[in-house]
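J.: need the 3D shape of this:
(chains A and B)
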Number of protein chains: 2
Amino acid sequence: MLGLRISRYNKNGICERQNLALSFPLTKLYNHNYRDLLFGHGMTSYSVAFEPSGKQNYIEVGKTVFEAAQSMGVELKTLCGGRQICGKCKVKFEEGFFPKFGIYSKREHLSPPREGELRYLGQAAIADGYRLSCAATILGDLVIFVPEESRAIKEVLAKTATAKPVLLKPAIRNCYVELPPPSLGDTRSDWERLSEELARNFNLIALDIDYYAMRSLSNALRSGDWKVTVTTWTEHHVIKVKPGLVERSFGLAIDIGTTTLAAYLCDLSTGQIIATRSVLNPQVSYGEDIISRITYVTDSLDGLNQLNNIIMETLNSMVFNLASEAGITAEDIDEATVVGNTAMHHIFLKLDPQYLGRSPFTSTIRHSLDIKARDIGFKINPVANVHVMPIEASFVGADNVAAIISEEPYNQDEMVLIIDIGTNGELVLGNRQRLISASCATGPAFEGANINFGMRASSGAIEKIAINPKTYDVRFKVIGDVYWSHRMPRLKACGICGSGIIDAVAEMLHAKIIKPSGTFNKNIPSPRLLCDREEPEFVIAWPYETTLDQEITISQGDVRAVQLAKGALLAGAKILMKRMNIERLDKVILAGAFGLHIDKEKAMAIGLFPNLKLSQVYSVGNAAGEGARLALLNVDKRSEAAEIARRVEYVELSTDPSFTEEFVKAMTFPTPKNN
Amino acid sequence: MLGLRISRYNKNGICERQNLALSFPLTKLYNHNYRDLLFGHGMTSYSVAFEPSGKQNYIEVGKTVFEAAQSMGVELKTLCGGRQICGKCKVKFEEGFFPKFGIYSKREHLSPPREGELRYLGQAAIADGYRLSCAATILGDLVIFVPEESRAIKEVLAKTATAKPVLLKPAIRNCYVELPPPSLGDTRSDWERLSEELARNFNLIALDIDYYAMRSLSNALRSGDWKVTVTTWTEHHVIKVKPGLVERSFGLAIDIGTTTLAAYLCDLSTGQIIATRSVLNPQVSYGEDIISRITYVTDSLDGLNQLNNIIMETLNSMVFNLASEAGITAEDIDEATVVGNTAMHHIFLKLDPQYLGRSPFTSTIRHSLDIKARDIGFKINPVANVHVMPIEASFVGADNVAAIISEEPYNQDEMVLIIDIGTNGELVLGNRQRLISASCATGPAFEGANINFGMRASSGAIEKIAINPKTYDVRFKVIGDVYWSHRMPRLKACGICGSGIIDAVAEMLHAKIIKPSGTFNKNIPSPRLLCDREEPEFVIAWPYETTLDQEITISQGDVRAVQLAKGALLAGAKILMKRMNIERLDKVILAGAFGLHIDKEKAMAIGLFPNLKLSQVYSVGNAAGEGARLALLNVDKRSEAAEIARRVEYVELSTDPSFTEEFVKAMTFPTPKNN
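T.: Model (predicted):
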């Protein structure tokens, strides 16, 4: 995909289109290095990629990183406009090989640091790879990370939890005790003194104390003048002793998505979410989807440690920011719950994920885990427990378990289909009698990858589209725009995000620009239909409406990519229904960040899921993150999760004999209704 | 004490003698910095101290460290004689303030590294403080550590365990299992597969797996082709999974003495000790006894971390050497048991020891602890359990508990007194009915400190002495000498160790050179009696018999120091007997390194313990280390230890109303028998 975008920019007439063959993983289609295609044109240019935007292009040698960013629409903060006098356009050079970009990024591919950079950044930051983008010039292939503080436009928070009411029953409990001070007549050890009091006053028996907590015990008791607050975990382990009365405790629910990391800081005494943060999973530099990351781990020398380190670093910085926002310190966080798909789960735990990716697809562990934060390098209270939720099967992870305990189909009589669309699609079907699940290789089309002008749901992305079926005129809304009207002044677009793509296809279908088979109708009378290209394209935005100085279009290939993705999902749902022996669903729940932004009507129009009434379709946002929050706040939800992870029957779609047939059928769009 | 020795060397006539007042801690007497006394004499000299020998002297500026060592009798290995061409005389510069020596040792107090040093040592070692002693010249006060490989004469191993037979019942168990490989029809996770097999074949139920062990699980299973050896701890926790059949497991018993660290590497499958190591506790640089170390921790900014770090570093290097000797790696060690007095116990665990040292003398924790090796930075298997044995009271530590489970007075009808003489003296009295204990502030006289020519039991120390009561002629044996005869060629002496001091006093008493009151008899006709000194001295070795070019003597002050130490012990024993309401003992057990080397008859002659038959006195060596070994090999001994730690009644001697009276009585020596 990125290769395709490069060939457009290059304007050398070279145009590659993705192959529609049903080969998996889809990533193979866009993970190529298109460099070779460009060689021999006499340019002294190098391949430069920016993260987290994922933009990549060839840049002439000697240009500054700032100039490169500008030319590619990567907006960097600056006060001085690139004259090395404001120090705001700090970027971080990333070292190593990045298979996603096909780039070997080396330190010597940047000019040596200048005096001005030293002054603004300091020696230490420069050693860590930080540079002023307006000072550093390009001498070779590079991957550059734009830290949040240097971004002119912030990422739109994608994963927000729609908080449900929950019975507050956390694993963490605070007990305030006043102890008799020691004397020559009572020389019990500090721990004996404390534990005997806790047994007497709080009926906490068979208590032990974590070794790290013990190290601060004696001084805490004395500085609190023998009045302390003891924090226990599951009423059996003392994890903290603080002088005086401490009422609040904090916990963190974490959802590690393939693309997005979301974290919810909760007050465990009230159950309230007090701060939320969602950032791009930095592992996207090593591959957009799970399979390419597993491949990276398998093929590189220290891949697992690398991928684990960057996720831990990112989580630690998220925690630092969340804590600052809440006016606490990271060490005040006494428990965390973690969910994620199986690959993210394994990489987070530094478990080798390679066997997840090859037959017979086994995981290292399925049940939930309770680990000390210090053992995984997670910088909250080092004594804090990190509860990693159980996984169901090699392709149905803890995120799915979390979504289930959030939506509780097992407490309903109605037949529910939960569709969790992230970088992978996961399906759960059932009710209180039975639950079955499946994983669909949708590919990342709904996240904007695999689509010519696709992008993540951040500023500048077209998120809503309407097409007049008579005039073929297009209205669209860009993220950041307040109004949804053709006539109002509007932000310029730089791409289309997932919900925009669904909208575009649904509207093109409705306007009969494409047929239910997905093929373009080349006979429609509109200048927006470009038939002189290698394949037909339909113009969504004219060049003057974009930041790209060219039109943004939906091509035949884009429609095919959507067909592949929606076909995989729908075929999966159909097979599950067949297994469950049902004809109709009572309820569809769209979960995941995508589920929150999607227009349900449009999704139904393109046939993303089996037909049912619009009122039976619900969007619940990040159900996985919500499940992690529920498990954080109520330990009973952890038992439910353990029970569910055992109970859900996993259906391996690819070995189902009717899969191919269902898939081919499911790729066809529904016939538009109002015609 | 060191100060005193300095004043001798100085020969300026300045002579300090220690004060006989019964003030504690005794360390105050010899922890002074005598530098001031020497100022104003026009010398450009600096104070240089060597560890582990503890020797200190003033050295002229510009001399090499090698020359300084030679002049002070610190023997360094060399092949080239100090010409910077063999690289054997490597020493380590120690940074910081060392209260014991009164030295502020700084890097700039040594000349900058020369080219030859870089060649032999490398940049990294030099950065760590390593230098070639023949190249580095003295520019200021210094503390220099002589690493074991650079010592011309090795330390004599002091703490050897007299291994008792033991029923083998370790916490560690190896289970070999062969698993059915996964298939598409059996996609259980690796851990489910393994744990279900362990439950079936070994009845290991409710097993969990340590997070670190889990990280290597998947690869171990596959590289062993689904045949693996699982190591469990207490049959509930998997701590290791190794491919193939592994039969042996290893464990380590550690005794952290104030002066000596001893470690016994055991084969847990046979119970055999396969390697033993005993080194000087490097904390002696920060104070010879417990009180001065607690003071160091309390008074310095980062004292606890410092003392903890050096003990962990030393243990890690011991483990490395033990493992090499046994042909295994440190990571093969799957459990360790640790004993030590309460202060060493706290510092080892990084628990603040300051409250042990001030009334009402409380410890942080009394019961035993099971901690992961990784949590304390102990470089054995990071998953290994470190079992720290329980302590009895603030002054009766885990070493005493270990000595008790080794000697088992609780299984005997006879009334036993266990005397464990280390840097502190600990007493246990009792039988199966009742056990009481006490701690005696003997001071370090029996370890050679507080005695003018006292030294540790290493090469060159006089360890045995005989005095002819008619001629007052002296025979002595030096450690390293094979023969014990006046007429045979003999090594030159450089000091007297603990057993030599006991011998000297007993023989002087027998020859009536001193009276039972401890006072010198100035009327004996021998040139060995020097009455022209500030206080009377008796010559043990003439200058030509020593490496010091001066005579080695026992002074009135030395005799007083022995009286203080033995008085404290004897008074303690008497008070315990009174508490127990007994008149006579059935058995005395001398434990500790000192107990092994001491001549029982001489000890009885000076009245070290209450009178009984010689055949009722037993020397058992390092009973604490032996207890640690027993607990390592048999988990039932750990329960015994827990039971004992609770049962032993601690008697606070200093608050006993008859203590002063008993102490004064006990300082008097017994009247010699054969006169």
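
J.: now stretch A:594-601, how far from the chain's geometric center?
T.: 16 Å (CA atoms, centre = their mean, to the nearest Å).

J.: CA atoms only: put it into PDB for me.
T.: The C-alpha coordinates for stretch A:594-601 follow below in PDB (Å, rounded to 0.1, in the frame of the first residue of the first chain):
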ATOM      1  CA  PHE A 594     -14.000   1.100  14.500                       C
ATOM      2  CA  GLY A 595     -17.400   0.000  15.900                       C
ATOM      3  CA  LEU A 596     -17.800   3.300  17.600                       C
ATOM      4  CA  HIS A 597     -17.200   5.500  14.500                       C
ATOM      5  CA  ILE A 598     -18.900   3.400  11.900                       C
ATOM      6  CA  ASP A 599     -22.300   4.400  10.500                       C
ATOM      7  CA  LYS A 600     -24.400   1.300  11.300                       C
ATOM      8  CA  GLU A 601     -26.700   1.900   8.400                       C
END
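
J.: shouldn't A:Thr229 be in contact with A:Asn174?
T.: Yes. Under the criterion of CB atoms under 8 Å, A:Thr229 is in contact with A:Asn174, at a separation of 5.3 Å. Bear in mind the C-beta positions are built from the backbone N, C-alpha and C, glycine included.

J.: report the set of residues contacting both of those two.
T.: Listed as contacting both A:Thr229 and A:Asn174 by CB atoms under 8 Å, 6 or more residues apart in numbering or on different chains are A:246-247.

J.: in the stretch 301-450 of chain A, where is pLDDT below threshold?
T.: A:443-444 (pLDDT under 70).

J.: now the helices for it?
T.: A:303-326, A:342-348, A:398-407 (DSSP state H, counting those that start in this stretch).

J.: near chain B, which residues of the stretch 151-300 of chain A? Just list them.
T.: Listed as neighbours of chain B in the stretch 151-300 of chain A under the rule CB under 8 Å from any CB of the partner chain: A:182-184, A:186-192, A:209, A:211-212, A:214-215, A:217-219, A:222.

J.: the stretch 301-450 of chain A too?
T.: So the stretch 301-450 of chain A meets chain B at A:349-352, A:355, A:359-367, A:369, A:371-372, A:374-376, A:393-394 (CB under 8 Å from any CB).

J.: do that again at 10 Å, thanks
T.: A:304, A:342, A:346, A:349-356, A:359-367, A:369-372, A:374-376, A:382, A:386, A:388, A:390-391, A:393-394 (CB under 10 Å from any CB of the partner chain).

J.: separate out the buried members of those.
T.: Those of these that meet the buried threshold are A:304, A:342, A:346, A:349-356, A:361-367, A:369, A:371-372, A:374-376, A:382, A:386, A:388, A:390-391, A:393-394, by 16 or more other CB atoms under 10 Å in any protein chain shown.

J.: the stretch 201-350 of chain A: strands as residue ranges?
T.: Counting by DSSP state E, counting those that start in this stretch, the stretch 201-350 of chain A has strands at residues A:208-209, A:227-233, A:237-243, A:250-256, A:260-267, A:273-280, A:333-340.

J.: in its sheet, what does the last one sit against?
T.: On the basis of DSSP bridges, the sheet neighbours of strand A:333-340 come out as strand A:250-256 (parallel), strand A:385-388 (parallel).

J.: most neighbours per residue, which of these?
T.: The highest mean neighbour count among the strands paired with strand A:333-340, using mean count of other CB atoms under 10 Å in any protein chain shown, belongs to strand A:250-256: a mean of 29.

J.: that one versus strand A:273-280: what angle between them?
T.: 30 degrees (axes from the mean of the first three to the mean of the last three CA atoms, to 10 degrees).

J.: where does pLDDT dip in chain A?
T.: In chain A (pLDDT under 70), the answer is A:1-43, A:78-83, A:152-163, A:443-444, A:482-489, A:595, A:674-675.

J.: what bridges to the spatially most central residue of it?
T.: By CA atoms, centre = their mean, chain A has its centre lying nearest to A:Thr260, at 1.8 Å. Taking DSSP bridges, one obtains A:Leu280 as the residues bridged to A:Thr260.

J.: how about A:Val48?
T.: Beta-bridge partners for A:Val48, by DSSP bridges, are A:Asn57, A:Leu142.

J.: quick one: it and A:Ser133 touch, right?
T.: No. Contact criterion CB atoms under 10 Å: A:Val48 and A:Ser133 do not qualify, at 11.1 Å.

J.: most remote residue from chain A's center?
T.: A:Gly185 (60.3 Å).

J.: OK, contacts around it?
T.: B:Pro360 (CB atoms under 10 Å, 6 or more residues apart in numbering or on different chains).

J.: for it, give its distance to A:Glu507.
T.: In this view, A:Gly185 and A:Glu507 are 85 Å apart by CB to CB, to the nearest Å.

J.: quick one: what helix or strand has A:Ala628 in it?
T.: Using DSSP states H and E, A:Ala628 maps to helix A:623-633.

J.: quick one: distance of that helix to the chain centre.
T.: For helix A:623-633, the distance to the chain centre is 16 Å (CA atoms, centre = their mean).

J.: just the strands in the stretch 1-150 of chain A please.
T.: Using DSSP E, counting those that start in this stretch, the strands of the stretch 1-150 of chain A run over residues A:45-51, A:55-60, A:90-94, A:96-98, A:103-105, A:130-132, A:142-145.

J.: export the ones you listed as a markdown table, with columns for mean neighbour count.
T.: Formatted as a markdown table, the strands of the stretch 1-150 of chain A follow (neighbours: other CB atoms under 10 Å in any protein chain shown):
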| stretch | mean neighbour count |
| --- | --- |
| strand A:45-51 | 23 |
| strand A:55-60 | 20 |
| strand A:90-94 | 20 |
| strand A:96-98 | 17 |
| strand A:103-105 | 21 |
| strand A:130-132 | 25 |
| strand A:142-145 | 23 |
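
J.: what is the neighbour count of A:Gly448?
T.: 25 (other CB atoms under 10 Å in any protein chain shown).

J.: and for A:Ile328?
T.: Neighbourhood size, A:Ile328 [other CB under 10 Å]: 17.

J.: against chain B, how distant is it?
T.: 25 Å (CB to the nearest CB, to the nearest Å).

J.: give me the domain ranges for chain A.
T.: Split into domains by automatic domain parsing, chain A comes to A:2-150, A:172-243, A:272-398, A:399-443+A:571-667, A:445-561.

J.: who wins for proximity to B:Arg475 among the ones you listed?
T.: Closest to B:Arg475 of the domains of chain A, according to CB to CB: domain A:172-243, at 49.2 Å.

J.: show me what contacts A:Leu630?
T.: When the contact criterion is CB under 10 Å, 6+ apart, the partners of A:Leu630 are A:161, A:163-167, A:253, A:271, A:337, A:402, A:405-406, A:408, A:636-638, A:640-641.

J.: how far does stretch A:451-459 stretch from start to finish?
T.: End-to-end span of stretch A:451-459 (CA to CA, to the nearest Å): 17 Å.

J.: equivalent analysis for stretch A:255-272, please.
T.: Note: stretch A:255-272 ends 17 Å apart using CA to CA.

J.: give the buried residues for that stretch.
T.: By neighbour count with 16+ other CB under 10 Å, stretch A:255-272 contains the buried residues A:255-268, A:271.

J.: ok, and the closest non-adjacent residue to A:Asp558?
T.: With sequence-adjacent residues excluded and distances taken as CB to CB, 6 or more residues apart in numbering or on different chains, A:Asp558 is closest to A:Ile451, at 4.8 Å.

J.: so the one you found, which of the three states?
T.: The three-state label given to A:Ile451 by DSSP: H, G, I helix; E, B strand; the rest coil is coil.

J.: tell me if I'm right that it and A:Ile496 touch.
T.: Yes. Counting by CB under 10 Å, A:Ile451 touches A:Ile496, with 6.8 Å between them.

J.: find residues that contact each of those two.
T.: Shared between the contact lists of A:Ile451 and A:Ile496 (criterion: CB under 10 Å, 6+ apart) are residues A:504, A:554, A:558.

J.: tell me which of the buried ones among the residues of the stretch 301-450 of chain A next to chain B fall in strands.
T.: Residues from those lying in strands, with DSSP state E as the criterion: A:369, A:371-372, A:386, A:388.
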